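Asks: Turn this into a model:
(2 chains)
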Amino acid sequence: MSQALDEVKIGGLGSSRQRVEDARFIRGRGNYIDDLKLPGMLHMEILRSPLAHARIISIDTSAAWAIPGVRLVLTGEMAAQRNLAWMPTLSYDTQAVLATDKVRFQGQEVACVVADDPYIAKDACEAIVVEYEPLPVIVNPIQSLAPDAPLIRDDKEGQTDNVCYRWEVGDKQGTDRAFAQADHISRLKLHYPRSHPSPIECCGSVADYNAATGKLTVYMTTQAPHIIRAAVALVAELPEHMIRIVSPDLGGGFGNKVPVYPGYVCSILGSILTGKPVKWIEDNFGNLISTGFGRDMYLDSELALRKDGKILAVRFHADTDQGAFFSDAQPSKFKIGLVHSAFACYDIPVGHITARGAYTNKAPGGVAYRCSFRVTEAMFFQERMIQAAAADLGMDQAQFRRINLRRADDFPARTPFGFLVDSGQYHKCLQLGLDAIGYEDFKREQAQARSRGRRLGIGISTMTEPLGAGNSREYDILGIKMFDSAELRVHPTGKAILRTGAKTQGQGHETTWAQIVSHELGIPADDVIVEEGDTDTAPFGMGTYASRSTPVAGAAVSMVARKVRAKARKLAAHLLEVSEEDIEWELGRFYVRGAARRGVTIQECAMAAYTNMPDGMEPGLENNAYYDPPNLTWPFACYIATVEVDPETGVWDVLRVVAVDDCGVRINPMIVEGQIMGGLAEAYAMANMQFMTYDADGNMIGANYIDYLLPTAWETPGFELHEVVTPCPHHPIGAKGVGECAAVGGPAAFVNAVMNALEDTGVRNIDMPVLPDRVWQAIQTGRDVSGVPPVRQD
Amino acid sequence: MYPPRLRYVAPKSLDEAFAVMAEYGDDAKVLAGGQSLVPMLKLRFASPAVLVDINGLSDLAYHRAESDGSLRIGALCRHVDLERSALLPGRYPTMAAAAPQVADPIVRNRGTVVGSLCHADPQGDWASVLLALNGQVVVAGKDGRRTISVADFVVGPFQNSLAAGEIAVEASVPAAKGTPYGSYLKLERRVGDFATVGVAVAIETSGLQISRAGIALTGVGPNTIQAIEAEQALIGQALEPDVIARAAGLAAGAARPRSDHRGSAEYKRHVVETFVRRALSSYRLAVPA
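Replies: Numbering: from 1, shown residues only, chains lettered A, B, ... in the order given. Below is the predicted model:
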């Protein structure tokens, strides 16, 4: 009998296999959008509006046309002739491609130039003369929703105010009744500031329209190539089979590369009009000032509490600042993403949420920045409210959570807002985190330090979040259901190629998908190559965002490998000359029941599929699978941070961070840990330093990496990681999404820690980023720095 | 980056550089570390007709202590050279404190001290440090050399007193006459961020008495600010708590901060006071034998 394969050794499930994509990335041999050079390629540059709100009186492009090397100067008027001055957004709104009537945010696309090289294109943009008539500027929902506010979207028929949506969910009457019976009501007003996904590679495209064949190929930075193909087919009125979208290596996405941006459309139009390939490479300024931001939500929330600590009900109202166009990338049925996943980990009987979106003169596109459609805001608000409520009741924050967290035998359970949470060991995770940080010891140390004038604090954040949209009943984007797909082809020698409808942008799909194949078939992971991002070759999928790849595409990989194994079993029966029912499977090998020595490997089956198939069997060994998940996956996390606040300067330093993540079965533990650390770094940045703000004139403060801060290794604290494994009950290998957990749940741990350090000052909230001056101000005044738009005060 | 069209010259000698500078006058820009100039070119905030790259003039890559105790810093001395220098600790404590706090390690590898002075950014660290130390800048052109005090060299936000055709070739710090103590305290939101508040303190003592005092402020006004009244309040005094408190208050009064995304004006003023107090309180004066 042959020795059974060691799954970890062949790179299967649980193997911390090195990332195969890194070999080319760290050697500079990746193939990013700007690496692409096509014969005769021209270069495009965008002219952006310097003003946040202004009527366009005139655009004079004559000086730009006169510069040698300029091939095309495109304005909104010219785009309108092709019906392309406006485009649909992913939230059923419209967005200007190139402004025709007025500009509605600083940085908006006004014109573009296509030229022989990028220098000429940039020079020519500067030669375009635009005459503007400035209009009153709106930079927050308070201004936007005021009765006499100027109308931003006067282009929309029937739009009489600046409200872009209203939404509500839950049981209002039941919630009101529960509040009437409460011993105590905790209230908190918060703002989650505007942030930016900030991928290291900005957006870009190379559009190549071949007039001879009629085929349009667009190489572009997209996390969702198939959605783009469908959108281009609809917007540009080209037949879908004549459109090929190729997403090459991506230098990060974080949600920023889900939407369709004007630059992509202009490069396509530029290629059609010039007959040449047109390259558009966005710079950091353009990326920060115009592309999809995250968050920017205001919350007014209440918890109804019984005096023993039991939460009776929750209600909140959220106002979102959408910018000039409602272009959130989110499932169609939901206007404020999955914000109603708030409090899913707590056993709360009833709740009610209302939400409203406001148009403002700011950049559009509330993308799901490393989160599953606004769950970041939901979980942050949830955990800030939990801490405030515990403090209001004078109750220990860990104990308050113990009273309200769902128990391991409570599943499945329906949340008051309709989600079905299906698994988790919340109390075990919390206790593991408390033990790891040394909770009781820290509280003693904190009390001692306090008596010597030092301020220490500890913050906890516990949450479960809905990752992995679909299912297709509830989740779609522009009507296309949120399933995903995989296609597996095993070659005669047992090597294989796998393609999926997802699109890696740093997550390591090329490594982990091969591990799933390895787990299902026993083929060494090194023998499986993974390819994504080309709509001509990849099966139709919805792309990668919202931590959905492993829950959906990863499940499809499992399912397609099982289909292949089913055929291989028939081949094995043929080779072993027994009936299929007498065949047993162990990793990488079929054998005859009761005669384990008589067996064939999966590789031998593969060869037989091409050389020795039974009569009547179709040759080849390949299949595809479309996977529609029965539910979302529900990872749980407990993050705990300790800090010391310098009350004189308001500066706070992180002492320790403990993370306990339960994301079900881990495919590649190293990659999972990398995702958690990256998420915690982003969480720390959001809590500590990061926000995009605007002055009263709508000038963006932070359209560069001097003012908009990304954390570096210098100030980012170290993270201590722990794990609990509760397999997902419906995923084929028990995995849950994880890529975003730490960025979602992390911020509240840091803020809660600072607020805990200030608990005796009477201050209940300081909005993020918890900048030193805000901490100092709160201590000085004994008042919250809360729920206010962060406009620069110059 | 796609800057406006410009000429690039890499002279082999200072004389060659002076000739190009003389030819182009105000339209010439000297490229040393490039850590401020290159971003300005990229953003097209600067559009010089010619870039005079002096990186080949290796004679300018020095810093040395002279026999009289003064410190001389050539135009190609990088921040990192001072950060790692064995000359600074003890003898030039304010310089030693500031060097590792300038920008981030990547910028420190390329950026130069003299270039930072020329850039005259009110949020630049070296201008405050050299102002507190009564430093000087040597500038040269085809018509000769002259020495300008840093106070007269860094004249305004992003303005220096270089004449057309001149190149700043050296910065210098005079020798301490007493026992030197010094600090550079900087509040930044993140490593590499511009200072929300920076405070350079340099004192010299004779016995327990302060014989010279320099206090300069970064990032809290349209210019680098010398807190003259605070300095004067220290001269002839011992480092007693009331003296320290008075100097700290006067320094805060000299600050002219604006509220912005780094903090409110009130807060920045408060931090100036806190930092001056913390700096002065940290010195353990050597008791004369």
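Asks: max-length helix in chain B?
Replies: Residue-count comparison of every helix in chain B, with assignments taken from DSSP state H, identifies helix B:265-281 as the longest.
Asks: Would you mind pulling the contact partners of it?
Replies: A:648-650, A:772-773, A:776-777, B:183, B:185, B:187, B:196-197, B:199, B:201, B:203, B:215, B:217, B:219-220, B:227, B:230, B:234, B:239, B:241, B:244-245, B:247-249, B:251-252, B:255, B:257-259, B:262-263 (C-beta atoms under 8 Å, 6 or more residues apart in numbering or on different chains). In this view, the C-beta of every residue, glycine as well, is placed from N, C-alpha and C.
Asks: Taking those residues, please make a PyMOL selection of just the buried ones.
Replies: If you want just the buried ones from the contacts of helix B:265-281 in PyMOL, going by 16 or more other C-beta atoms under 10 Å in any protein chain shown, the selection is:
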select buried, (chain A and resi 648+649+650+772+773+776+777) or (chain B and resi 183+185+187+196+197+199+201+203+215+217+219+220+227+230+234+239+244+247+248+249+251+252+255+257+262+263)
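Asks: all strands of chain B, in order?
Replies: With DSSP state E, the ranges of strands along chain B come out as B:7-9, B:28-31, B:50-53, B:63-65, B:71-74, B:136-141, B:144-149, B:154-156, B:159-160, B:167-173, B:179-187, B:197-206, B:209-218, B:225-226.
Asks: Show me what the fifth one is packed up against.
Replies: If I follow you right, that is strand B:71-74. Helices and strands touching strand B:71-74, by 3 or more C-beta pairs under 8 Å, 6 or more residues apart in numbering or on different chains; DSSP states H and E, are strand B:63-65, helix B:113-119, strand B:167-173.
Asks: Now render those as CSV, adding mean pLDDT.
Replies: Putting the helices and strands packed on strand B:71-74 into CSV (pLDDT from 0 to 100) gives the following:
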stretch, mean pLDDT
strand B:63-65, 97
helix B:113-119, 97
strand B:167-173, 98
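Asks: what about the ones you listed, which gets the closest to residue A:372?
Replies: Residue A:372 lies closest, by C-beta to C-beta, to one member of the helices and strands packed on strand B:71-74: helix B:113-119, at 44.8 Å.
Asks: and that closest one with chain A, contact?
Replies: No. If you take C-beta under 8 Å from any C-beta of the partner chain as the test, helix B:113-119 misses chain A, and the best it gets is 13.8 Å.
Asks: what are the bridge partners for residue A:315, then?
Replies: residue A:302, residue A:352 (DSSP bridges).
Asks: What segments of the stretch 201-350 of chain A are helices?
Replies: Ranges of helices in the stretch 201-350 of chain A, per DSSP state H, counting those that start in this stretch, are A:225-235, A:262-274, A:284-290.
Asks: quick one: residue B:178 and residue B:213 touch, right?
Replies: No. Using C-beta atoms under 8 Å, residue B:178 is not in contact with residue B:213; the gap is 10.4 Å.
Asks: between these two, who's got more neighbours?
Replies: residue B:213 (24 against 14; other C-beta atoms under 10 Å in any protein chain shown).
Asks: follow-up on the earlier one: go through the strands of chain B and find the least confident stretch.
Replies: When the strands of chain B are compared by mean pLDDT, strand B:154-156 comes last with a mean of 91.
Asks: got any residues that touch both of residue B:178 and residue B:213?
Replies: In contact with both residue B:178 and residue B:213: residue B:204, using C-beta under 8 Å, 6+ apart.
Asks: who wins for proximity to residue A:363 among the helices and strands packed on strand B:71-74?
Replies: When those are compared by C-beta to C-beta, helix B:113-119 sits nearest residue A:363, at 30.4 Å.
Asks: Mind giving me the packing neighbours of the closest one?
Replies: Counting contacts by 3+ C-beta pairs under 8 Å, 6+ apart, helix B:113-119 is packed against strand B:71-74, helix B:79-83, helix B:125-132, strand B:167-173.
Asks: just to revisit the earlier point, among the helices and strands packed on strand B:71-74, which is nearest residue B:78?
Replies: When those are compared for distance to residue B:78 using C-beta to C-beta, the nearest one is helix B:113-119, at 8.0 Å.
Asks: Could you tell me the angle between the longest helix of chain B and strand B:179-187?
Replies: Put simply, helix B:265-281 runs at 150 degrees to strand B:179-187, going by axes from the mean of the first three to the mean of the last three C-alpha atoms, to 10 degrees.
Asks: got the buried residues for helix B:265-281?
Replies: Of the residues in helix B:265-281, B:265, B:267-280 count as buried by neighbour count, 16+ other C-beta under 10 Å.
Asks: Now that helix - C-alpha only, PDB.
Replies: This file holds the C-alpha atoms of helix B:265-281, laid out as PDB (Å, rounded to 0.1, in the frame of the first residue of the first chain):
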ATOM      1  CA  ALA B 265      -4.400  77.200  16.900                       C
ATOM      2  CA  GLU B 266      -5.100  77.100  20.600                       C
ATOM      3  CA  TYR B 267      -3.800  73.500  20.800                       C
ATOM      4  CA  LYS B 268      -0.600  74.200  18.900                       C
ATOM      5  CA  ARG B 269       0.200  77.200  21.100                       C
ATOM      6  CA  HIS B 270      -0.300  74.900  24.100                       C
ATOM      7  CA  VAL B 271       2.000  72.300  22.700                       C
ATOM      8  CA  VAL B 272       4.700  75.000  22.200                       C
ATOM      9  CA  GLU B 273       4.500  75.800  25.800                       C
ATOM     10  CA  THR B 274       4.500  72.200  26.900                       C
ATOM     11  CA  PHE B 275       7.500  71.400  24.700                       C
ATOM     12  CA  VAL B 276       9.600  74.400  25.800                       C
ATOM     13  CA  ARG B 277       8.900  73.500  29.400                       C
ATOM     14  CA  ARG B 278       9.700  69.800  28.800                       C
ATOM     15  CA  ALA B 279      12.900  70.700  27.000                       C
ATOM     16  CA  LEU B 280      14.200  73.100  29.600                       C
ATOM     17  CA  SER B 281      13.100  70.800  32.500                       C
END
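Asks: At the contact with chain B, which residues of chain A appear?
Replies: Within chain A, the positions near chain B by C-beta under 8 Å from any C-beta are A:118-119, A:122-123, A:126, A:285, A:648-651, A:688-689, A:691, A:693, A:701-702, A:706-707, A:709, A:711-712, A:714-715, A:771-773, A:776-777, A:790, A:792-794.
Asks: Can you select the buried ones from those residues in PyMOL?
Replies: Under the burial definition 16+ other C-beta under 10 Å, those of the residues of chain A next to chain B that qualify are selected in PyMOL by:
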select buried, chain A and resi 118+119+122+123+285+648+649+650+651+688+689+691+693+701+702+707+709+711+712+715+771+772+773+776+777+790+792
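Asks: so which of the helices and strands packed on helix B:113-119 is the most packed in?
Replies: Per residue and on average, the most neighbours among those fall to helix B:125-132, with a mean of 30 (mean count of other C-beta atoms under 10 Å in any protein chain shown).
Asks: That helix close to chain A?
Replies: No. Taking C-beta under 8 Å from any C-beta as the criterion, helix B:125-132 and chain A are apart, separated by no less than 14.9 Å.
Asks: residues making contact with that helix?
Replies: Taking C-beta under 8 Å, 6+ apart as the criterion, the residues outside helix B:125-132 that touch it are B:94-95, B:98, B:101-102, B:113, B:116-117, B:120-121, B:135, B:150-151, B:154, B:171, B:173, B:182, B:184, B:186, B:195, B:198-202, B:214-218, B:224-226.
Asks: wait, what's in contact with residue 249?
Replies: Picking chain A for this. A:21, A:24, A:25, A:30, A:31, A:32.
Asks: oops, chain B please
Replies: Applying C-beta under 8 Å, 6+ apart to residue B:249 gives the contacts residue B:273.
Asks: How about residue A:291?
Replies: Applying C-beta under 8 Å, 6+ apart, one finds that residue A:291 lies in contact with A:196, A:202, A:203, A:256, A:259, A:261, A:282, A:363, A:365.
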